[in-house]
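>>> structure, please.
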Amino acid sequence: MADANAIKDWIKQSPFAPPLTLARMVTAGYWNYPEKWAREDERTRTILDTIKKTGFYVWPDFYDAERCKLLRAEIDRVAVEHKDKVSCDDLIGDTRLFGAEKVSDLINEYNKDPVLQKLSDLYHAQHAPAPFTMAARLEPNDINKNKDHGWHRDSLRRQFKSIIYLSDVTEENGPYQYIAQSHHMRNILTDSMQGKIPYMSVAIKPESAQSIISQNPARLKTVTGEAGTLILTDTTGIHRGSTIKSGMRYALTNYYMFQDHTGAWMNDYFGPLAYRE
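Below is the predicted model of the structure:
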């Protein structure tokens, strides 16, 4: 009898991996979400249509400078007062607090923002709240000076995030990067073939990402912006936080999810504040 693990390992690396990934997504109904924003206002339609087309939308001045200043101070506060809940990645060396909205009323306002919630619900075609917000404070150190968060997809099921820069972000401050249109079904197939990405893999090796980008360098998008810049993005697409080289970057990220995907498992994966019934 054939070894099941050996078969799985062969599938992951075989030429059949990309079409099998696509087939599994289609049969699971992961991409057949009806779009219901035709009757929405023009700005809402523009935002959602842009995300659908390219994978992300940039909204300058979503927050003003004063609110960003208050939120930076709030991240500094919770990182000290809830030090035992702060996640410092051993490979990255960043300060990140998952579930920061549970210990900060000000951050909770971002988590519950009705404009962002409406956009998430429309994009998912059902109610899809953010079970937690990540507060991040990045600065160069001996651990992260040559590191980034790595190219990846958050899921192979439609997923939505809102990221707001609370400090000015240039190419030196670890900006968000995205391979445009990598969330499209056809590109999940062709990019997986081009990058030799294993079956159902969401982690993307650097050489795989580079192979995809080399075919069309214009697809690589680096999102810089002043404090208050909001990024709305479909994280089914290939993305990363690039290496921070200088200065400091403050940001908040809402993780919007299908409700059937949330649960206590998030505490094991993201930390003790990430989930609450």
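>>> only C-alpha atoms for contact and neighbour calcs from this point on.
Will do.
>>> pLDDT weak spots in the chain?
1-8, 29-32, 88-93, 142-149, 276-277 (pLDDT under 70).
>>> one more pass at 80, please.
Across the chain, the ranges flagged by pLDDT under 80 are 1-13, 26-34, 85-94, 141-149, 272, 274-277.
>>> what's the single longest helix in it?
Ranked by residue count, the top helix of the chain under DSSP state H comes out as helix 65-81.
>>> how much space separates residue 228 from residue 246?
For residue 228, the distance to residue 246 (Cα to Cα, to the nearest Å) stands at 19 Å.
>>> between these two, which has more neighbouring residues?
Counting neighbours by other Cα atoms under 10 Å for residue 228 and for residue 246 shows that residue 228 has the greater number, 24 against 16.
>>> does the nearest residue to that one once chain neighbours are set aside count as helix, strand or coil?
Once flanking residues are discounted, residue 228 sits nearest to residue 63: 4.4 Å by Cα to Cα, 6 or more residues apart in numbering. Secondary structure state of residue 63, per DSSP: H, G, I helix; E, B strand; the rest coil, is coil.
>>> helices and strands around the longest helix of the chain, which ones?
helix 105-111, strand 132-138 (3 or more Cα pairs under 8 Å, 6 or more residues apart in numbering; DSSP states H and E).
>>> figure out which of the ones you listed is closest to residue 68.
For the helices and strands packed on helix 65-81, proximity to residue 68 was assessed by Cα to Cα; helix 105-111 is nearest, at 10.7 Å.
>>> quick one: contacts of the next helix or strand after the closest one?
Once the chain leaves helix 105-111, the next helix or strand it forms, by DSSP states H and E, is helix 114-124. Helix 114-124 is contacted by residues 33, 35-37, 44, 48, 127-129, 158-160, 162, 256, 258 when judged by Cα atoms under 8 Å, 6 or more residues apart in numbering.
>>> alpha carbons only: can I get helix 114-124 in CSV?
Extracted in CSV, the C-alpha atoms of helix 114-124 (Å, rounded to 0.1, in the frame of the first residue of the first chain):
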residue,chain,number,x,y,z
PRO,A,114,-18.7,51.3,10.6
VAL,A,115,-17.2,52.4,7.2
LEU,A,116,-14.6,49.7,7.3
GLN,A,117,-17.1,47.1,8.5
LYS,A,118,-19.5,47.9,5.7
LEU,A,119,-16.7,47.5,3.1
SER,A,120,-15.8,44.1,4.6
ASP,A,121,-19.4,42.9,4.6
LEU,A,122,-19.8,43.9,1.0
TYR,A,123,-16.5,42.4,-0.2
HIS,A,124,-17.3,39.1,1.6
